[in-house]
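[1] Just to be clear, the model below is a prediction. Sequence and coordinates:
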Amino acid sequence: MPSAPQLRGLAEWAGQGGRPVTATGRLRMAEARELVDVLGTGDRIEGVRSSADLPRLGLLMEWAKKARLVRVVKGRLYAVAKARPVLADPLQLWLRAFEACFELRQALIGARSGWHVESLLFDVYEEVLEDVLNTLYSLPYPMPWPRLRDTVHLAYRTSFQLDAGLDLQHRMWFEHADRDLRAVLDLLDDLGAIERDRGMADPVFLDIDLSDAGPELLADMPPELAELLGVAGRQRTRRRGSVPMPGERS
């Protein structure tokens, strides 16, 4: 189920009468099991003893709070009365959910326990999220994942004054941050703020020089691919791209 209807469903479930929560503001397991089923979160509940161990439900709870759709008062979770017009208007609900994405850093990529640490993305979450969205929305073509990832890596190097090398420690830091960035993109995709797909990158992103390619190379290629790469080769003299061959696009 897309995120916006789930947020509406959570608020309607809480209602004006409210639902009981624990002293820490979490749902009790009885209510959490019910809500997992109502919202279709996909969380596995077998053997789970705390609603804190239901990641999708926990994220939706925090999201609904940040979007000012629900709130906890005196041990109960209530739907916010002033949010009724928002819940009744799909566009306003979507906009409220989208704006709240910028406040989901802890819920989305925060450390789950004292044994874990946050990634590089955690400290620059809002800045990177804004830059990523501005970049994606400004392009007429889907942006390949490697290009987006490498652009964000440059932001990390600038923000944290990392040298240009890629030693083992840096590689581990970047891989951790990449996983978190994918989680952010998953959230945006669920909301409908971006679309993700797989396939050949647009020629504008290809950096392929076929000036030395002989006729045998093109003859062995499928005609559609040869035509695409031929276009990319001609465009290379006018614009420089960076990465990919077939792969994931964001």
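    Alright, I've got the coordinates.

[2] Please make it C-alpha for all contacts and neighbour counts, starting now.
    OK.

[3] Strands of this protein, start to end?
    19-20, 70-73, 76-79, 197-199, 247-249 (DSSP state E).

[4] Highest mean neighbour count out of those strands?
    Ranked by mean neighbour count under mean count of other C-alpha atoms under 10 Å, these are led by strand 76-79, which reaches a mean of 23.

[5] What's the separation between the residue nearest to residue 188 when sequence neighbours are not counted and residue 14?
    Distances taken as C-alpha to C-alpha, 6 or more residues apart in numbering place residue 194 nearest to residue 188, at 5.8 Å, with adjacent residues excluded. Remark: distance between residue 194 and residue 14 (C-alpha to C-alpha, to the nearest Å) = 29 Å.

[6] which of the two has more neighbours?
    Neighbour totals were compared for residue 194 and residue 14, and residue 14 leads with 20 against 16 (other C-alpha atoms under 10 Å).

[7] Could you verify my assumption that the more buried one touches residue 78?
    Yes - applying C-alpha atoms under 8 Å as the test, residue 14 and residue 78 come out as touching, 5.3 Å apart.

[8] shared neighbours of the two, anything?
    residue 70 (C-alpha atoms under 8 Å, 6 or more residues apart in numbering).

[9] Need the nearest residue in space to residue 191, chain neighbours excluded.
    Leaving aside its sequence neighbours, residue 191 sits nearest to residue 3 (C-alpha to C-alpha, 6+ apart; 5.2 Å).

[10] ok, that neighbour - how many residues close by?
    Residues contacting residue 3 under the criterion other C-alpha under 10 Å number 20.

[11] Against residue 10, how distant is it?
    11 Å.

[12] Same check on residue 178?
    According to C-alpha to C-alpha, residue 178 and residue 10 sit 30 Å apart.

[13] For stretch 163-180, give the mean pLDDT please.
    Throughout stretch 163-180, pLDDT has a mean value of 87.

[14] For the chain, which helix or strand comes out least confident on mean pLDDT?
    Sorting the helices and strands of the chain by mean pLDDT, DSSP states H and E puts helix 223-235 at the bottom, at a mean of 40.

[15] so which of the strands of the chain comes closest to residue 94?
    Closest to residue 94 of the strands of the chain is strand 70-73 (C-alpha to C-alpha; 15.3 Å).

[16] Check which helices and strands that closest one is in contact with.
    Packing contacts for strand 70-73, counted by 3 or more C-alpha pairs under 8 Å, 6 or more residues apart in numbering; DSSP states H and E, involve strand 76-79.

[17] So what touches the strand it packs on?
    Under the criterion C-alpha under 8 Å, 6+ apart, residues 11-12, 14-21, 69-72 lie in contact with strand 76-79.

[18] As a markdown table, those with pLDDT and distance to residue 132 would be great.
    Formatted as a markdown table, those follow (pLDDT from 0 to 100; distance: C-alpha to C-alpha, whole Å):
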| residue | pLDDT | distance to residue 132 |
| --- | --- | --- |
| 11 | 98 | 30 |
| 12 | 97 | 32 |
| 14 | 97 | 34 |
| 15 | 97 | 36 |
| 16 | 95 | 38 |
| 17 | 95 | 40 |
| 18 | 96 | 37 |
| 19 | 97 | 37 |
| 20 | 96 | 38 |
| 21 | 96 | 36 |
| 69 | 98 | 26 |
| 70 | 98 | 28 |
| 71 | 97 | 30 |
| 72 | 96 | 32 |
